[in-house]
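> Sequence and predicted model, in that order:
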Amino acid sequence: MPLVKFIKENKEIEVPEGANLRDEANKAGINLNCALSGISDGVDQLVHAISKFTHCPGWGLCGTCRVLVKKGMENTNPLTTKEQVKFKWLPVPDPIPSLAFIGHEDEMRLACQTRVMGDIEVESAPPLNVFGENFFS
Ligand code: FES
């Protein structure tokens, strides 16, 4: 059975092959959805708590279950059409997932659209850096 390591949570779980990443995280008590608008560094406890109630039920619509697959992307299904729409094709009315995708094209997924076929390492609630590292310098 594939192993999923959640880096920030320092937790490793075994999942059935082909399992849905978000469903398995939920079963393990890990909330992969970021905040209201999708902005969360994963540290702010209030914002992260709110996020438990402000997302779609895993339909690929809200874009808040963004994660970074730091290792083992080859052990997941290809980007689904819903992910392509959320990240690349439809920045309106919600530009946040598209902005978050920039610079993370090789590692960002929607957890609710990700099937686990082998071992992976996942970073939850990746920070949103809209302006880049040197915007104010
Ligand atoms: S839970 Fe809404 S897009 Fe994944």
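In hand now; what should we look at?
> Return the residues of the chain in contact with the ligand.
Among all residues of the chain, those adjacent to the ligand (criterion: Cβ under 6 Å from any ligand atom) are 33, 55-56, 58, 60-65, 110, 112. For every residue, glycine as well, the C-beta is placed using N, CA and C.
> Check those against Glu17 and report the nearest one.
Distance to Glu17, by Cβ to Cβ, is smallest for Cys112 among the residues of the chain next to the ligand, at 17.8 Å.
> How about that closest one: what's its closest non-neighbour residue?
Once flanking residues are discounted, Cys112 sits nearest to Gly58: 3.7 Å by Cβ to Cβ, 6 or more residues apart in numbering.
> re the thing from before, from the residues of the chain next to the ligand, list just the buried residues.
Buried residues within the residues of the chain next to the ligand, defined by neighbour count using 16 or more other Cβ atoms under 10 Å: 33, 55, 58, 60, 62-65, 110, 112.
> Tell me if I am right that Lys86 is in a strand.
No. Counting by DSSP: H, G, I helix; E, B strand; the rest coil, Lys86 is not found in a strand; it is helix.
> how deep is it tucked in, by neighbour count?
Number of residues near Lys86 (other Cβ atoms under 10 Å) recorded here: 26.
> contacting residues for it?
The neighbours of Lys86, taking Cβ atoms under 8 Å, 6 or more residues apart in numbering as the test, are 60-61, 63, 97-98, 110.
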